[in-house]
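# I'd like to go over a predicted model; first the sequence, then the structure.
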Amino acid sequence: MDITTVLTTLLRDGFILVFNQDKLDIVKTAEALLAAGIGNMEVTCRISKPLEKLARLRKELPAFVAGSASLIDWPDMLKVYNRAHPDDPLPTLQQVVDAGACYLVSAVNFSDAGYKKFAGRIAMIPGCGSATDVVTQFGKGANLCKVFPAKELGGPAFVEAIDPALHKTISLVPTGGTNVANIPDYINAGVLVLGGSFSMIDKATLQKIVGEQDYKLLARELTAVKQLIDAARAKKYPGFDFATASLEQISQKTGRNFNVG
């Protein structure tokens, strides 16, 4: 899947679900997302057997844009972790790409070696905690920059504070503490894509979804998130249809550069 198709999907969706639930079926969750009008999901490497699950998802739903997250692109740190967890090691960037990852996400920066190998070929979304992080990672080839942990960094106010320093050019993806209450504020601040986990769903509802394997209920909950995003976008960009727009059109409308081409 080419990088333009991947980024266009993420931007049209406006949302990246962090799949971190071992008790949910990965393919059925993706199907619930599709029913909600969302065509992507990141598979965190904090779940069990992430490579197997990612490969299965790509095989059964090849048009679905599946990413890989919680990556550590620093060999020495990876060795330390994997020595301590030999039965459940974290994969490398190459391993998740080989398993079919369409985009790569980390809570921290990607290394120069990672960019040299994958930038321009696989969409890369590094974790950033400052304006300097954002411009440095973008300069090395990042396509979007994850703001993490967004809540602890200041939420929508943090995005509003650093965006002028970025000349409102780089697209930020706040992740961590995003919810139905602050989604409109993030979008009003200029965010085009939000990251969120199952914690966005009411606890009792999520327990029912997991306990009863109720993917229709999950689809309804995800539809509500998507509708909220769409409504906030319509207010921010009246008359503009993200659902059909090309990457170039989204860039022209929003002023954001996605580091492609």
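Arrived safely, thanks for sending.
# how far away is residue 3 from residue 201?
31 Å (CB to CB, to the nearest Å). To be clear about C-beta, it is placed using only N, CA and C from the backbone, and glycine gets the same treatment.
# typo on my end, residue 63
Distance from residue 63 to residue 201, by CB to CB: 25 Å.
# between these two, which one's more packed in?
residue 201 (22 against 10; other CB atoms under 10 Å).
# give the buried residues for the lengthiest helix in the chain.
Counting residues, the longest helix found in the chain (DSSP state H) is helix 215-236. Neighbour counts over helix 215-236 (16 or more other CB atoms under 10 Å) mark 215, 217-219, 221-223, 225-226, 228-230, 232-233, 236 as buried.
# then stretch 108-118?
For stretch 108-118, by 16+ other CB under 10 Å, it's 108, 109, 110, 111, 114, 115, 118.
# average pLDDT for that stretch?
Over the span of stretch 108-118, the pLDDT mean works out to 98.
# then stretch 244-261?
97.
# centre of the chain to it, how far?
Centre-to-centre, stretch 244-261 and its host chain are 17 Å apart (CA atoms, centre = their mean, to the nearest Å).
# list the contacts of it.
3-4, 7-8, 11-12, 119-120, 138, 141-144, 168-171, 190, 192, 237, 240, 242 (CB atoms under 8 Å, 6 or more residues apart in numbering).
# list buried residues within these.
3, 7-8, 11-12, 119, 138, 141-144, 170-171, 190, 192, 237, 242.
# now, the residues you listed that are in strands?
Among the buried ones among the contacts of stretch 244-261, DSSP state E puts none in strands.
# what strand or helix carries the closest residue to residue 200 other than its chain neighbours?
Nearest non-adjacent residue to residue 200, counting by CB to CB, 6 or more residues apart in numbering: residue 179, 5.4 Å away. In this structure, residue 179 is located outside every helix and strand according to DSSP states H and E.
# got any ranges where the stretch 1-150 of the chain has weak pLDDT?
For the stretch 1-150 of the chain, no stretch is flagged by pLDDT under 70.
# that one: strands as residue ranges?
For the stretch 1-150 of the chain, strands defined by DSSP state E, counting those that start in this stretch occupy the ranges 15-19, 40-44, 65-69, 103-105, 123-125, 127-128, 145-147.
# angle of the longest helix of the chain against strand 15-19?
Here the directions of helix 215-236 and strand 15-19 differ by 150 degrees (axes from the mean of the first three to the mean of the last three CA atoms, to 10 degrees).
# any idea how far helix 215-236 is from the chain center?
The answer for helix 215-236 is 16 Å, by CA atoms, centre = their mean.
# buried stuff in the helix or strand following it?
Next along the chain after helix 215-236, taking DSSP H and E as the criterion, comes helix 247-254. Buried residues in helix 247-254, defined by neighbour count with 16+ other CB under 10 Å: 247, 250, 251, 254.
# excluding its backbone neighbours, what's nearest residue 26?
residue 53 (4.7 Å).
# how much space is there between that neighbour and residue 37?
Residue 53 is 23 Å from residue 37, by CB to CB.
# just residue 166 next, same as before
Separation of residue 166 from residue 37 (CB to CB) stands at 29 Å.
# so which residues of this structure form helices?
Counting by DSSP H, the chain has helices at residues 3-13, 26-35, 50-60, 75-84, 93-98, 112-118, 131-140, 150-153, 156-162, 183-188, 203-212, 215-236, 247-254.
# quick one: residues contacting residue 84.
No contacts exist for residue 84 under CB under 8 Å, 6+ apart.
# now swap in residue 65 and tell me
Contacts of residue 65 (CB under 8 Å, 6+ apart): 1, 5, 6, 9, 10, 39, 40, 41, 102, 103.
# go ahead and confirm the last one touches residue 6.
Yes. Taking CB atoms under 8 Å as the contact criterion, residue 103 and residue 6 are neighbours in contact, 5.4 Å apart.
# which one's more surrounded, these two?
The neighbour comparison of residue 103 against residue 6 (other CB under 10 Å) goes to residue 103, with 27 against 22.
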